[in-house]
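Enquirer: here is my input; please provide its structure:
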Amino acid sequence: MIESDIQEATNANHAATGAPLSAGEMLRQAREELGYHLPAVAAHLKVSVHKLEALEAGDWSAFPDVVFVRALASAVCRVLKIDPAPVLAQLPKPPGKDLSPGVESVKTRVAVGPAQSKKNDFPSSKPFPWVGVVVLLRVATVGVLFYPQLAEYWKSRAAASAPARARSNNVAGVADKSEPVALGG
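Expert: As a prediction, this is how the structure comes out:
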């Protein structure tokens, strides 16, 4: 219903003046017809009132980029529940290549099969190197924390087993010196 009112107002203005409404005028007219105040729309979108005023006035110098202007206009259209196509048609287009001719190539590519991934696509999604680093750091941390206790334990164990090893070589009259053993017949 509101979209038809906006379209009627646009047609009436166009017929009276011979020029179509600008994007900002369309947004202002839709907002006023709904009874929304500019600060309320700004609060809903979490942008400054100054940005919305500049959008409605057509002051593009208040914005960092044309893409931002188009995104903000689209967001305002969503809040006002109007079709963004006529508004975006009045806004300047972003610089760069138009993507509409590439649609056919995308459809063809999908129909042929999935795109082959490159060797280094999304390196952060491959956890192996990071898992190894994390494990190594944890082992090193445990080693640093428990090294004094482990060193003391191994020293006491070595000291306790040294006399036992000396005795084990002389058990049952076996000489310390090893002699060759003949195998076979």
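
Enquirer: what's the neighbour count on the residue lying closest to residue 65 once chain neighbours are set aside?
Expert: With C-beta to C-beta, 6 or more residues apart in numbering as the criterion, residue 65 has its nearest non-adjacent residue at 7.6 Å, and that residue is residue 94. From N, CA and C alone the C-beta is placed, and that goes for glycine too. With neighbours defined by other C-beta atoms under 10 Å, the count for residue 94 comes to 12.

Enquirer: residues contacting residue 94?
Expert: Residues touching residue 94, when contacts are defined by C-beta atoms under 8 Å, 6 or more residues apart in numbering, comprise 65, 66, 67, 70.

Enquirer: shouldn't the second one be in contact with residue 88?
Expert: No - here residue 66 does not reach residue 88: they are 11.2 Å apart, not a contact under C-beta atoms under 8 Å.

Enquirer: other SSEs contacting the helix or strand hosting residue 145?
Expert: Using DSSP states H and E, residue 145 sits in helix 128-168. When contacts are defined as 3 or more C-beta pairs under 8 Å, 6 or more residues apart in numbering; DSSP states H and E, helix 128-168 packs onto no helix or strand at all.

Enquirer: which strand or helix spans residue 19?
Expert: Since the elements are taken from DSSP H and E, residue 19 ends up inside neither a helix nor a strand.

Enquirer: what's around it, how many residues?
Expert: 8.

Enquirer: now it: how far from residue 49?
Expert: In this view, residue 19 and residue 49 are 27 Å apart by C-beta to C-beta, to the nearest Å.

Enquirer: show me where this protein has strands.
Expert: In chain order, the chain shows no strands, with DSSP state E as the criterion.

Enquirer: now stretch 94-107: average pLDDT?
Expert: Stretch 94-107 shows a mean pLDDT of 60 in the predicted model.
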